[in-house]
Every structure is written in structure tokens, then in C-alpha cells.
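In: Any chance you can model this:
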Amino acid sequence: MQGESTMLAVLVIGAGFSGIGMGIRLRQAGIEDFLILERAGEIGGTWRDNHYPGAACDVESHLYSFSFEPRADWSRKYSGQAEILDYLHHCVRRYGLAPHIRCNATMTAARYDEAGGHWRVQLASGELLRTRVLISAVGALSEPAIPALPGLADFRDVRFHSAQWDHTQDLAGKRVAVIGTGASAIQFVPPLAEQARQLLLFQRTPPWILPKADRAFSTGEKRLLRLRPLQWLYRALIYWINESRVPGFARRRDWLLKPAERMALHHLRRQVHDPELRQALTPDYRIGCKRILISNDYYPALQRANVRLVRSAIAQIGADHIDTSDGERHQVDALIFATGFRATEYLHDVDIVGRQGLSLREAWRDGGEAYLGIACAGFPNFFMLTGPNTGLGHSSMIFMIEAQLGFILQAIQRLRDDGLRSIEVRAAAQQAFNAQLQERMANSVWSSGCRSWYLDARGRNTTLWPASTLAYWWQTRRWPAEAFTLEPSD
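Out: Numbers count the residues shown, from 1 in each chain. Predicted structure coming up:
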């Protein structure tokens, strides 16, 4: 084991949107003794990993970006993966973060030193770092979920998850099985269908799909959007359109959900002419219960002669085939998993130990929870970005991230300015916050009975925020000292 480093003021884990945003805010606050660790070879988070064909954002570009670093020249209303990754690299250059980022550095464990009032962080390399404040910016959608299908290990040909797309594999002319019909599948299935000899799409539950109002920005529009007032007006327009959906989702208001369902069903009828296929693609749950998807080319792709929708459950996988519950055998050359992420297992793969030997795994044995999704009782000087119950089903996560950045920065400044040893959220404050949150969640469309990645194994929603983003901003705008225990230095 290598020797300990000098004490850092802040250590951030992860260099995606939230980690980069934290670094920017720290520098703007005059805090320079911080480090951002990234386990991969470059920055970018989900926009580095998800480079499958057709990868793009389903939130409009001018809202899916930092408010303090707007970009006028987005090429489209909904940007693709490469353009978003380029934006993140731009932010690193613009704010001089490169000296503060260390790639190929994986945290394996972190333990709070009560006597010293700091965190001891173990890296896979054997190096031990020390930091006053530890911030997780790993994101809930960072660990691919691959189902434990019978016989999967016996499959001898190409297989990978959509978040680990293997571009060295030529899928042209092959029989490809895609398992899952979520957000990634509806983006990569259309281009893949143009290459594959046969594409079998295994569907458990059909998603609700709305038309995608996407197009390229003209040169004139980009020029106009360089004017800051127009840029802010356009961003505000997108924001408030998204926020207008909240009553339908959070309070399950039929007068808002029904029109959305009618629009989605009209989109389905207009694009899918075969009644049998159309029925197979019609959801039987309320819109919004699972993530709503947007696409103009997914339904047409499913009607190609070389594409087949398979609704029967997978019974067994063999060396070169998939057997389904209806007794049919499907010969395949490649398996692609579009099965999402382990969203409810946030930080489960890292050994984080707080006060009195309490591990985060033990604290979250009944499901993840935190105060405002940011702080967890028993874990002093530890904060999370995009933590439990801060995900969204209707708008831009960047808005939520910025609210969290401001909240955490206030805590760090209080720690430094008042010479405190530690700041820790009170258990009573955390419990009261989460009791109210789950009470609100029970009345939302996200708890209306469907099976989704929003829910953990107990059926509890630990991923989404059950209200408006404006409400979240209001709750995080001021750091509430009364909700925290402030431990003075000796």
C-alpha cells in the first residue's frame, strides 16, 4: 500500500455532468485543493459510456446544459451523444479543471476517521487519499443491468450491453437479438435494423412513445440564440413546458394524463398499420408510470421485413439460440442487452463506512434514502449528487444537479468558515423528509402499479423526485443548519 497523500479539502468521485459541475463551483468559490476521480480513461460519465448508434438526449439541448455555461450553437433541438460529450470537454477546458481530474482512478472503499474528522479513501491502485469532504458524483445510471437469464453463459457469440457497445463487432448481415425495449433500444434499433440480416426484439412491456419534435437549428437561429436575453427566454420556455407536466405525474391528474395518452396512441396508429402489431405495442398501464420515450423512427423500424417483435418470455439461452416460453427456438449470432441500469443499487459496489462503523449498505438495507437526496445520517462530511429520489421523469437533470451543487457548496463553506470538524444531517430530519416524500410518491403516476426501473426489489420508489424541479430548488436554495449537527473542531 502506498503512503497517504496530503489532506484534500474536497474529493469528488466521478467526472460526468455532476462531478464537472462540482469542480466548476468549487473553483468559482476559490477552493483549489480538490480532486475529481474518474474510473474511466476520460471524462463524460453516461455520455462517454453510451455511444451506441443513435445515442441522443431526450431533453432539449438548451435545457440539458449548465445555466452558467450556455451554448448557442447546438446543432439540433435534441443533441446526440458526441455533441454532449464535446460540451463536457469544453466545460473542463473553459474552467481549467484538467489539473484537478485524475482518470483511471477507481475508489474501492472510504472510511470516516472520527478522530481526525476526515475521510480515508482507498483506490484500486492501493493509494490512500485523505479528504475533509467526500462527494459522490457517480450517478445512478452508471452500472449496466444484465438479467440472469438461464444459459446466458453458454452463448458463444457476440454479446454486450448497450452502454458497453462494441464497435469492433460488425453486425451487418447477422441475426441479432435485442433484449429490452427501453430508452436505448428505441434509439439504436432503427439504425441496427438497416444493417442486420434479422433483428429479433424481445419485449416484456411496451413503452409509451410520443413523437420527437426534433430538427436542426438554422444558421439564423443559432445567431439569434447568441443573444443572451433570447437564449434565456428560449431556455425558460422549454423549462416551463416541461414543468407543466408535473401535476399529471405527481398528482395523477387524468385531465393531463389522458391527452398525453391520446397523443401517444394517435402516434402509434399513424405509424403502425398492422392491427396485431399495433396491439402488441399498446401499453396497458398509465402513461408516465414507466419512462415516457420519444421517437419518430422506432415504430417504422419494427415494420421492416427483417425485424420481428417477440413477446414470449425467454426460457433458455443456448450456444447459438434463444428458446422462448411458447416453445419456439430463435437462431441468433449476437445478443444486445437494452436492459437499463442498476438504478436502485446506487453506490452498492463501494464500501463506504461512516460513523461508528456504519456502512452505507447497512444503512440502506431497506432501500436508499437521504435528506434531499444529498446527505445521509451517520455519514459526516459526505454528500451525494443525483442521490436517492432526485431523478426525474419529466425534465432536465442538469437543473437538479445545479440545485444540489449550490446546497453542497453552502455546507462546505460553512464547514470552512466556522472551522467545524464535521457536518452531518440529523436522523430525525432525514426520516421526516423521506416519510413526506414517500407519502407524496404514493399518489403519483410512478406508483400506479407498473413494473419499472424506478422501483427497488420491495416496490419502493427510491429514484424519482415526486414533485416539480422548482419545489426542489426552493428546498435546496438555503442550507438549513437546523437539520444538521455541527461538530466544532477541538
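In: which residues does F337 contact?
Out: With contact taken as CB atoms under 8 Å, 6 or more residues apart in numbering, F337 is in contact with 144, 146-147, 159-162, 179-180. In this view, the C-beta of every residue, glycine as well, is placed from N, C-alpha and C.
In: again, but for A145
Out: Taking CB under 8 Å, 6+ apart as the criterion, A145 is in contact with 339-342, 453.
In: how many neighbours does the residue nearest to L152 when sequence neighbours are not counted have?
Out: If the residues on either side of it in the chain are set aside, L152 comes closest to I317, at 5.1 Å by CB to CB, 6 or more residues apart in numbering. The criterion is other CB atoms under 10 Å. On that basis, I317 has 22 neighbouring residues.
In: measure I317 to L149 for me?
Out: Noted for I317: a distance of 5 Å to L149, by CB to CB, to the nearest Å.
In: what does M7 give?
Out: Counting by CB to CB, the gap from M7 to L149 is 47 Å.
In: Could you do G182 as well?
Out: Between G182 and L149 the distance, using CB to CB, works out to 17 Å.
In: With R252 instead?
Out: Counting by CB to CB - R252 and L149 are separated by 34 Å.
In: same question, E243
Out: When distances are taken as CB to CB, E243 and L149 turn out to be 40 Å apart.
In: ok, now A301?
Out: For A301, the distance to L149 under the criterion CB to CB works out to 24 Å.
In: cool, D333 as well?
Out: D333 sits at a distance of 17 Å from L149 (criterion: CB to CB).
In: F249 too?
Out: 32 Å.
In: Now do R478 against F407, distance only.
Out: Applying CB to CB, the value for R478 to F407 is 9 Å.
In: which of the two has more neighbours?
Out: Applying other CB under 10 Å to R478 and F407 shows that F407 carries more neighbours, namely 23 against 10.
In: Now do the contacts for the more buried one.
Out: F407 makes contact with 372, 374, 476, 479 under the criterion CB under 8 Å, 6+ apart.
In: Also A213?
Out: By CB under 8 Å, 6+ apart, A213 lies in contact with K77.
In: now M263
Out: Residues touching M263, when contacts are defined by CB under 8 Å, 6+ apart, comprise 210-211.
In: tell me the centre residue of the protein?
Out: The centre of the chain sits closest to L141, judged by CA atoms, centre = their mean, with a distance of 4.1 Å.
In: Skipping its backbone neighbours, what lies nearest R39 in space?
Out: T106 (4.1 Å).
In: So what's the residue count around that neighbour?
Out: For T106, the number of neighbouring residues by other CB under 10 Å comes to 14.
In: For the nearest residue to D274 once chain neighbours are set aside, give me its contacts.
Out: Excluding the flanking residues, the one nearest D274 by CB to CB, 6+ apart is Q303, at 7.1 Å. Q303 is in contact with 272-274, 277, counting by CB under 8 Å, 6+ apart.
In: Now, those residues that are in helices?
Out: Using DSSP state H, the members of the contacts of Q303 that fall in helices are L277.
In: Need the contacts of Q303 in TSV (columns: pLDDT).
Out: Converted to TSV, these look like this (pLDDT from 0 to 100):
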residue	pLDDT
V272	98
H273	95
D274	96
L277	98
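In: May I ask which of the contacts of Q303 has the most neighbours?
Out: Tallying neighbours with other CB under 10 Å puts V272 at the head of the contacts of Q303, with 19 neighbours.
In: In contact with T205, which residues are there?
Out: When contacts are taken as CB under 8 Å, 6+ apart, T205 is in contact with 181, 283, 285, 290, 450-451.
In: for the stretch 251-400 of the chain, which spans come out with low pLDDT?
Out: When the per-residue scores of the stretch 251-400 of the chain are filtered using pLDDT under 70, the ranges that remain are 343-344.
In: all strands of it, in order?
Out: Taking DSSP state E, counting those that start in this stretch as the test, the strands found in the stretch 251-400 of the chain are 293-294, 307-310, 314-317, 321-324, 329-331, 334-337, 351-353, 382-384.
In: neighbours of L149, just the number please.
Out: Using other CB under 10 Å, the number of residues around L149 comes to 18.
In: quick one on the thing from earlier: in CSV, list the contacts of F337 along with secondary structure and distance to T485.
Out: As requested, these are arranged in CSV below (DSSP: H, G, I helix; E, B strand; the rest coil; distance: CB to CB, whole Å):
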residue, secondary structure, distance to T485
P144, strand, 37
I146, coil, 41
P147, coil, 42
R159, strand, 49
F160, strand, 46
H161, strand, 42
S162, helix, 43
I179, strand, 47
G180, coil, 44
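In: Quick check: phi and psi at N306.
Out: N306 has phi and psi values of phi -100, psi 10 when expressed as degrees, to the nearest 10.
In: Just list whatever residues bridge to the residue nearest to it when sequence neighbours are not counted.
Out: Of all residues not flanking N306 in the chain, Q198 sits nearest, at 5.2 Å (CB to CB, 6+ apart). Per DSSP bridges, the residues bridged to Q198 are R175.
In: what packs against the helix or strand encompassing L201?
Out: If you go by DSSP states H and E, L201 is part of strand 198-202. Contacts defined by 3 or more CB pairs under 8 Å, 6 or more residues apart in numbering; DSSP states H and E place strand 198-202 against strand 175-179, helix 185-193, strand 307-310.
In: What lies in contact with it?
Out: Identification of contacts with strand 198-202 by CB under 8 Å, 6+ apart yields 175-181, 185, 189, 192-193, 302, 304, 306-310, 314, 322, 330, 332.
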